[in-house]
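Asks: Sequence first, then the predicted structure, then my questions.
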There are 2 protein chains.
Amino acid sequence: MKSNIRPGTTKIPRAIFPAPDHDHERCASTAIAYAETQCAARGQRLTPMRRHVLEALLASHKPLGAYEIIERLANKNGRPAPITVYRSLDFLRENGLVHRIESRNAFVACGHNHAGDDLVVFLICERCGAVGEAPGGGVAEALRASSRAAGFSPKNPLIEIVGICSHCRE
Amino acid sequence: MKSNIRPGTTKIPRAIFPAPDHDHERCASTAIAYAETQCAARGQRLTPMRRHVLEALLASHKPLGAYEIIERLANKNGRPAPITVYRSLDFLRENGLVHRIESRNAFVACGHNHAGDDLVVFLICERCGAVGEAPGGGVAEALRASSRAAGFSPKNPLIEIVGICSHCRE
DNA sequence: CACTTTTATGTTGCGCTGCAGCAAAAAGCG
DNA sequence: CGCTTTTTGCTGCAGCGCAACATAAAAGTG
């Protein structure tokens, strides 16, 4: 199936919290296209199931629990089993397309607001539930310093902050 | 508004990761004594149940799941119901005596390595499972800056880092 | 092409997590 | 002492997460 996004789109500075009235159709299809590219480049297969899971997450812009995803994928052909969704989520996470929000037992599509292995700071709006990804450059440094002071060799920092997002504050 | 309490204990330089051979008997009883003082000062009751839960956590120096705690509290008189333990954990958390490690769905006794409302950085050793609490002074600053850049008003930062602790590295 | 190997999905089942709702017991108070 | 508030016990349940095994689909191979 052919996508109707324009290939030559220049990189738009992405808002950390998408405006309520943003062109969602487009933002989702861009993300799917990126996922395809990414998987192809890594020799991984973005199967229909995996794509469906990613689409469900993209459609919400909010973290979804695994069983919420199941709910949204349910149709007249029945619903996927939990394990099926969990496996797709594992795949998507391994390929940097989905994050897990630990404090909520939920998952969110990656906003790609950060370079590959960099530290990500998740900003969780307690009002609308949206999750933003802020680049954590300076934080990473401070964190490494603090860790080393404790004789600790850090690996995967996880930062989640609850608060009020820019749109809900207005 | 909650600054009326000042721990009267002289500040002992507390290792972030307790040495494997430290005087555990003493470290636990000190923590219990502190909990009693703290609760008394706040007009809260450290009941036997709550104390047992705290003791179980202190005895392990590692995060325990709720059902692990139940297991350790079980005796010839039977075992506490999950809800009972969860309620005690809620109480202990509200009074700053226990932390929840979100990425593990587990709980750990507070090491008091941080001032009351300050940011805490949890260092989780992937080898021995121990959890250290590093003061997050510099990190908090960087975090606030990063948040504000995104138009986000932060409330409860949560930082958990997986890595190797000082003792396991040797 | 048939055949093997690898990868992905479906099915069943189960243990852990976390709490709601109500009842009983214990502690605090006039 | 009665009365209120707090705490604990009991029953039950929904969401989370995955193990173990079976089947199907894709990819590699001669």
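Replies: Structure's in. What do you need?
Asks: Distance of residue A:77 relative to residue A:50?
Replies: Noted for residue A:77: a distance of 17 Å to residue A:50, by C-beta to C-beta, to the nearest Å. For every residue, glycine as well, the C-beta is placed using N, CA and C.
Asks: typed the wrong thing, it's residue A:59
Replies: 15 Å.
Asks: These two - which one has more neighbours?
Replies: residue A:50 (23 against 13; other C-beta atoms under 10 Å in any protein chain shown).
Asks: what helices or strands is the helix or strand hosting that one leaning on?
Replies: Applying DSSP states H and E as the criterion places residue A:50 in helix A:48-60. Secondary-structure packing of helix A:48-60 (3 or more C-beta pairs under 8 Å, 6 or more residues apart in numbering or on different chains; DSSP states H and E): helix A:24-42, helix A:66-73, helix A:82-94, strand A:98-101, strand A:106-109.
Asks: Mind listing the strands the fourth one pairs with, and their directions?
Replies: Under the criterion DSSP bridges, strand A:98-101 sits next to strand A:106-109 (antiparallel) in its sheet.
Asks: and the strand it pairs with, anywhere near DNA strand D?
Replies: Yes: contact of strand A:106-109 with DNA strand D (C-beta under 7 Å from any atom of the strand) involves residue A:106.
Asks: Can you list the neighbours in contact with that strand?
Replies: Identification of contacts with strand A:106-109 by C-beta atoms under 8 Å, 6 or more residues apart in numbering or on different chains yields A:31, A:54, A:57-58, A:61-66, A:68-69, A:89, A:93, A:97-101, A:131.
Asks: continuing past that strand, what's the next helix or strand?
Replies: By DSSP H and E, the next helix or strand past strand A:106-109 is strand A:120-125.
Asks: Now do that following strand, average pLDDT.
Replies: Strand A:120-125 shows a mean pLDDT of 92.
Asks: where does chain A dip in pLDDT?
Replies: Counting by pLDDT under 70, chain A shows low-confidence ranges at A:1-14, A:116.
Asks: mind redoing it with 90?
Replies: A:1-25, A:27, A:60-61, A:75-79, A:111-120, A:126-128, A:134-142, A:144-150, A:155-158, A:169-170 (pLDDT under 90).
Asks: Name the residues of the longest strand anywhere in chain A that come out as buried.
Replies: Ordering each strand of chain A by length in residues (DSSP state E) puts strand A:153-164 first. For strand A:153-164, a neighbour-count test (16 or more other C-beta atoms under 10 Å in any protein chain shown) marks A:153, A:154, A:157, A:158, A:159, A:160, A:161, A:162, A:163, A:164 as buried.
Asks: Check what contacts it and list those residues.
Replies: Against strand A:153-164 from outside (C-beta under 8 Å, 6+ apart): A:101-103, A:119-127, A:136, A:139-140, A:143-144, A:147, B:102-103, B:123, B:126, B:143, B:147, B:152-164, B:169.
Asks: Next up, the contacts around residue A:131.
Replies: Counted by C-beta under 8 Å, 6+ apart, residue A:131 has contacts A:62, A:63, A:101, A:108, A:122, A:123, A:124, A:125.
Asks: Can you name the residues bridging to it?
Replies: residue A:124.
Asks: about what we covered before: can you redo the contacts of residue A:131 as a markdown table with neighbour count and distance to residue B:114?
Replies: Shown next, in a markdown table, are the contacts of residue A:131 (neighbours: other C-beta atoms under 10 Å in any protein chain shown; distance: C-beta to C-beta, whole Å):
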| residue | neighbour count | distance to residue B:114 |
| --- | --- | --- |
| A:62 | 18 | 31 |
| A:63 | 22 | 28 |
| A:101 | 19 | 24 |
| A:108 | 23 | 29 |
| A:122 | 24 | 21 |
| A:123 | 27 | 22 |
| A:124 | 26 | 22 |
| A:125 | 22 | 26 |
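Asks: I'd say residue A:150 and residue B:133 touch.
Replies: No: using C-beta atoms under 8 Å, residue A:150 is not in contact with residue B:133; the gap is 9.0 Å.
Asks: which neighbours do these two share?
Replies: B:16, B:123.
Asks: How far does the helix or strand containing residue A:168 sit from its chain's centre?
Replies: Assessed by DSSP H and E, residue A:168 sits inside helix A:166-169. Here helix A:166-169 shows a centroid-to-chain-centroid distance of 20 Å under the convention C-alpha atoms, centre = their mean, to the nearest Å.
Asks: Buried residues, that helix. List them.
Replies: Quick answer for helix A:166-169 (16+ other C-beta under 10 Å): A:166, A:167, A:168.
Asks: how about the second one, what does it touch?
Replies: By C-beta under 8 Å, 6+ apart, the contact list for residue A:167 reads A:17, A:19, A:20, A:128, A:130.
Asks: Considering those, which possesses the most neighbours?
Replies: Result: residue A:17 is most packed of the contacts of residue A:167 (other C-beta under 10 Å), 24 neighbours.
Asks: For burial, what's the neighbour tally of residue A:133?
Replies: There are 20 residues near residue A:133, going by other C-beta under 10 Å.
Asks: and it, that's in a helix?
Replies: No: with DSSP: H, G, I helix; E, B strand; the rest coil as the criterion, residue A:133 is located in strand rather than a helix.
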